[in-house]
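1. Everything below, folded, please.
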Amino acid sequence: METFAGIDWASEEHALCVVDERCSLAGEMFANDEAGIRELIARMRRLRVLRVAIERPDGLLVDRLLEAGFTVLPVHPNKLKATRSRYESAGGKSDGFDAFVLAELARTDAHRLRVLRPDSDETRALRALTRTREDLVAARVRLANELRAQLEAFWPGAAAIFADVDSPIALAFLERYPAPADARGLGEKRLAGFLARHHYCGRRSPAALLDRLRSAPEGRAEALESEARRAAVLGLVAALRPLVVQIRELTSQIAGAVRAHPDGAVFLPLFKDPKSVITAARLVAEIGDDRCRYPSAEALAADAGMAPVARESGKRKVAGFRWACDKRLRDAVSCLADSTRKHHPWARGVYRAATERGLDHPHAIRVLGRAWLRVLWRCWQDGIPYDPSKHGNLRRLQPEGG
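-> Residues are numbered from 1 along each chain as shown. Alright, predicted model coming up:
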């Protein structure tokens, strides 16, 4: 008789439940260490488990299950939440109960769940690089906002002298001049020497930069507050400088990895600037290798959050925003749509038509993103790079012989 398993994973221990057509065969806890994982896999093999459902599509435990040869069915948390009431009317919840519900889903609803197929090593490496870079960029933005807030409280000119407060030249300036008292003797000649030492490549002259610094409002912080804010600025600068360096190094690694990836050639032609590799890399990493994962363009659009959720009841029909989706993939597709609407004739037309219908910018971006995913899905399925000459809707916008 076939057996099916459900695993409720956790950081310290995993709950395993194994069922067959008649009853539950096992309900046990296993530690999240090497011995515990080995014991869990051995237990599943002894019970001849065919399919295992788990509430996540990746991670070390999932990798070990796939390596052991099990058919893994990832279950979205929303599906698990909606299924609990099938077996429990009182609203109870426990790790063992969730493992039982997952096992039952593997037994009764396997035809409705996607079988997990591991991505290639190249894709997994690219995903690790892009996601790490995203996290570092988020940390840089947060620290830059804190730094800007500190400067605006007691020295607004230092926040305005350069375009970005977290740029290398701005951080070097703040490290040398973290408070107004430190820049008291700063003149045009001294600033010119500072810019030359740090290889400033901006278009503004030292005089113009100095005017920016001096024309900003003057702070009125007293001695103790000024000293405290000076220390805060130096601390934030010290935290930001290595972040900026690491983001730059990761960007370089991502550029090489996406150009070497088998699917890189499919996604890179979507961008006008050959240096725009980050969004292409994010698309490759988040969509993955498995062509069966998205059997249609609409399935890809739904997972990317570009397709609305329909709610119908009687004569009432409403299309709502799709919250349950791959947030990272949605960000990458939105970035693709927002960049192409500025230079691509077809994308510009789709975006303009959406705004003329009264849609706001985010909604119009989702409309354009969904349109792009139809094109992208076809290219991805066929393994053929995007070719504007084969884009029928684009050709109809271009004049004959153009």
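
2. alpha carbons only for contacts and neighbour counts from here, please
-> Fine.

3. Just give me the neighbour total for Arg378.
-> Counted with other C-alpha atoms under 10 Å, the neighbours of Arg378 add up to 15.

4. Next one: it from Tyr294, what distance?
-> The gap separating Arg378 from Tyr294 is 11 Å, by C-alpha to C-alpha, to the nearest Å.

5. just the helices in the stretch 51-200 of the chain please.
-> Using DSSP state H, counting those that start in this stretch, the helices found in the stretch 51-200 of the chain span residues 60-67, 77-87, 95-108, 121-154, 156-160, 168-176, 188-197.

6. buried set for the shortest one?
-> Pointing back at helix 156-160 there. Residues of helix 156-160 classed as buried: Pro156, Gly157, Ala158, Ala159, Ala160 (neighbour count, 16 or more other C-alpha atoms under 10 Å).

7. Flag the shaky bits of the stretch 301-402 of the chain, pLDDT-wise.
-> Applying pLDDT under 70 to the stretch 301-402 of the chain flags residues 398-402.

8. ok, now with 90
-> Applying pLDDT under 90 to the stretch 301-402 of the chain picks out residues 309-324, 343, 387-402.

9. mind listing the helices in it by residue range?
-> Remark: helices assigned in the stretch 301-402 of the chain by DSSP H, counting those that start in this stretch are 327-340, 345-356, 361-382, 392-397.

10. Could you write out the alpha-carbon coordinates of the third one in CSV?
-> Spelled out, it's helix 361-382. C-alpha atoms of helix 361-382 as CSV (Å, rounded to 0.1, in the frame of the first residue of the first chain):
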residue,chain,number,x,y,z
HIS,A,361,1.2,54.1,-12.4
PRO,A,362,1.6,50.8,-10.4
HIS,A,363,-1.5,49.3,-12.1
ALA,A,364,-0.3,50.3,-15.5
ILE,A,365,3.1,48.8,-14.7
ARG,A,366,1.4,45.5,-13.8
VAL,A,367,-0.5,45.6,-17.1
LEU,A,368,2.7,46.1,-19.0
GLY,A,369,4.5,43.5,-16.9
ARG,A,370,1.8,40.9,-17.8
ALA,A,371,2.1,41.7,-21.5
TRP,A,372,5.9,41.3,-21.3
LEU,A,373,5.5,38.0,-19.5
ARG,A,374,3.6,36.6,-22.5
VAL,A,375,6.6,37.4,-24.7
LEU,A,376,9.1,36.3,-22.1
TRP,A,377,7.4,33.0,-21.4
ARG,A,378,7.5,32.1,-25.1
CYS,A,379,11.1,32.9,-25.4
TRP,A,380,11.9,31.0,-22.2
GLN,A,381,10.0,27.9,-23.2
ASP,A,382,11.7,27.8,-26.6
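
11. Touching it from outside, list them.
-> The contact list for helix 361-382 (C-alpha atoms under 8 Å, 6 or more residues apart in numbering) reads 263, 266-267, 291, 296-298, 300-301, 305-307, 333-334, 336-338, 347, 350-351, 354-355, 385-386.

12. let's see it at 6 Å
-> Ala297, Ala301, Met306, Val333, Ala337, Tyr351, Ala354 (C-alpha atoms under 6 Å, 6 or more residues apart in numbering).
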